[in-house]
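Trainee: for reference, the sequence and a predicted model appear below.
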Amino acid sequence: MQTSYQPLPSLFVPHGAPTFALRPGAAGAALSASAISLPRPRAIVMVSAHWETSQPTVGFAELPETIHDFWGFPDALYDMRYPATGCREASGEVLQALLDAGFPAQSDARRGLDHGAWLPLRLMFPEADVPVLPLSIQSRLGPEHHYRLGQALAPLTGKGFLIIASGNLTHNLADYQRAATNGGQTPAYVRGFSDWVWSRLQANDLPALLDYRQQAPDAVRAHPRDEHLLPLYVAFGAAGADTRPQRLHAGIDDYVIAMDAFAFQSAQARDPS
């Protein structure tokens, strides 16, 4: 007998700086609340800006390790663990969905969870009782590739899979260093860029979003490299047609990191009648 699942939204969540784990603040509370409101997933497909590969790659580790891929932070962060489990059967379904969509997808039996994955997961699923399947990004292939990657995952949202894409709506480390030494002033572009993204999401303006680097205000300053924005396109694409976005949180941490979080779900999934 086949199990029936309620369609799940896809999520874009911030992971901020590693110290987000120590000071989750309002953004952390929003992530926790968003997870509580969801039906229990069968598995989580975790797309992190910090796993970059040349081809889409799905993690198959049965016990993915907690990766501390940062340096020079408080010792307490290196003691943290997220004891997630994997699920080879579910990973196989993710891999097959990508292959069916024409992606040259691969598997990785050893990949663990980097801080872009385990920081938000600790807040959203603190019991680590839902299998986690990491999925890489391809930072050289741009927004359209990642939107199509999300489209390939869309059928899984009706089969108990929760797509969580983790990045940051702005990510300029040089500006952080300048702000930290110059009185902690937040540049105007941080909120301007994030508000532009939200307005285009609300309008379902995919062409503008795909061309954000030319159309958005201060786009190159907001993302000197766009690996931290690319997960947004995966979440957006995974919601399917007629997407209705919900802004779960809007805020700024560490002077220059926009911590916006979004949920995406098609109108049909929200109102099947």
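Mentor: That came through, no problem. Numbering: from 1, shown residues only.
Trainee: so what pLDDT did the closest residue to residue 34 other than its chain neighbours get?
Mentor: Closest residue in space to residue 34, ignoring its immediate chain neighbours: residue 248 at 5.1 Å, by Cβ to Cβ, 6 or more residues apart in numbering. All C-beta atoms are positioned from the backbone trio N, CA, C, and that covers glycine. On the pLDDT scale, residue 248 is placed at 98.
Trainee: list the contacts of the helix or strand harbouring residue 248.
Mentor: Assessed by DSSP states H and E, residue 248 sits inside strand 243-249. Residues outside strand 243-249 that contact it (Cβ atoms under 8 Å, 6 or more residues apart in numbering) are 9, 11, 14, 26-27, 30-31, 33-34, 198, 201-202, 204, 236, 259-267, 270.
Trainee: hmm, which of these are the buried ones?
Mentor: 9, 11, 14, 27, 30-31, 34, 198, 201, 236, 259-266 (16 or more other Cβ atoms under 10 Å).
Trainee: mark which of those are part of strands, please.
Mentor: 11, 14, 261, 262, 263, 264, 265, 266 (DSSP state E).
Trainee: what is the most widely separated pair among those residues?
Mentor: 14 and 266 (23.3 Å; Cβ to Cβ).
Trainee: helices of the stretch 51-200 of the chain, residue ranges please.
Mentor: Using DSSP state H, counting those that start in this stretch, the helices assigned to the stretch 51-200 of the chain run over residues 75-78, 88-100, 115-124, 142-153, 173-181, 188-202.
Trainee: and among the ones you listed, the most buried is which?
Mentor: Of all the helices of the stretch 51-200 of the chain, helix 115-124 has the most neighbours on average by mean count of other Cβ atoms under 10 Å, namely a mean of 26.
Trainee: that one packs against which elements?
Mentor: strand 10-14, helix 25-36, strand 43-52, strand 132-137, strand 161-167 (3 or more Cβ pairs under 8 Å, 6 or more residues apart in numbering; DSSP states H and E).
Trainee: could you redo the last one with a cut-off of 7 Å?
Mentor: Other helices and strands packing on helix 115-124, by 3 or more Cβ pairs under 7 Å, 6 or more residues apart in numbering; DSSP states H and E, are helix 25-36, strand 43-52, strand 161-167.
Trainee: which of those sits most buried?
Mentor: A comparison of these by mean neighbour count, using mean count of other Cβ under 10 Å, puts strand 161-167 on top with a mean of 28.
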